[in-house]
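> Just a sequence and a predicted model for now, questions to come.
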Amino acid sequence: MPRLLAAASTVAVLAALAACSNGGPGPSRSTPGDVTVGPSVGVQKQAAPTATVPARWPLTGVAGTVANRPALAVKIENSREARPQTGLDQADMVWEEVVEGGITRFAAVFDSQVPAEVGPVRSVRPMDSTILAPMHGLIAFSGGQPGFVQLLSDAGLQLFSQDRGAPGFARKSGVGSAPHNVYGTPSTWWSNADAQHQAPPAPQFVIARQTSAASAVV
């Protein structure tokens, strides 16, 4: 009798399991509802602000309204008889050259300022071509040895020579005797620059943009 009861119980359990596996109701599962996707929001990117770089004069680095003109070099005397010179304080760059007899002579380069008059104007020396060639500009002088003058021409400069009849020169009265009385007008030389000498000069030095950043230490 006990064996029959055990067998009957086993059959009942198997029948229940079969009923579950053959389509009986299982655990309920929730079905998610419809998902509504909202419109995408575009993010507009703004360009980074561009820093305004002020125009600067190429030979001094000073900000200002820059004129589109070539550099103008003028040979200016520095002997005792020539002082005080005229217009020298308005030059952007001044090169002092040691010449004969222990005296010096200036190669004054003008760009950002236009003096009404400069002088006394004197002759060229062999080092002028090397100093001034990188600026590819104009040079005004009273004269010079033919070989020195040829060096300037070969360096690509436009020459204004008083002893060859170039415009812009005059002998000034009341300032001393010749040869210390030759003066010139920079505006005349600039207005006579030819087509090959119209471009402004390239910077000759690396110039600090901030006063706190020294570009050179002397």
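Nice, I can see it. Numbering: from 1, shown residues only.
> how about the strands in the protein?
Under the criterion DSSP state E, strands of the chain are mapped to 72-77, 93-98, 104-110, 138-141, 158-161, 169-171, 182-184.
> and those strands as CSV, adding mean neighbour count?
In short, each C-beta sits where N, CA and C put it, glycine included. CSV is the format used below for the strands of the chain (neighbours: other Cβ atoms under 10 Å):
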stretch, mean neighbour count
strand 72-77, 26
strand 93-98, 14
strand 104-110, 22
strand 138-141, 27
strand 158-161, 20
strand 169-171, 17
strand 182-184, 24
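> quick one: least confident helix or strand in the protein?
For the chain, using mean pLDDT, DSSP states H and E, the weakest element among its helices and strands is helix 2-21, scoring a mean of 43.
> JSON lines for the strands of the chain, including distance to P200 and mean pLDDT?
Converted to JSON lines, those look like this (distance: least, Cβ to Cβ, whole Å; pLDDT from 0 to 100):
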{"stretch": "strand 72-77", "distance to P200": "11", "mean pLDDT": "98"}
{"stretch": "strand 93-98", "distance to P200": "14", "mean pLDDT": "96"}
{"stretch": "strand 104-110", "distance to P200": "12", "mean pLDDT": "97"}
{"stretch": "strand 138-141", "distance to P200": "12", "mean pLDDT": "99"}
{"stretch": "strand 158-161", "distance to P200": "14", "mean pLDDT": "98"}
{"stretch": "strand 169-171", "distance to P200": "24", "mean pLDDT": "97"}
{"stretch": "strand 182-184", "distance to P200": "21", "mean pLDDT": "98"}
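> for the ones you listed, which one sits closest to G64?
The closest of the strands of the chain to G64 is strand 104-110. By Cβ to Cβ, the value is 14.6 Å.
> so what strands line up beside the closest one?
Applying DSSP bridges, strand 104-110 is found paired with strand 72-77 (antiparallel), strand 93-98 (antiparallel).
> Indicate which one of these is closest to V114.
strand 72-77 (8.9 Å).
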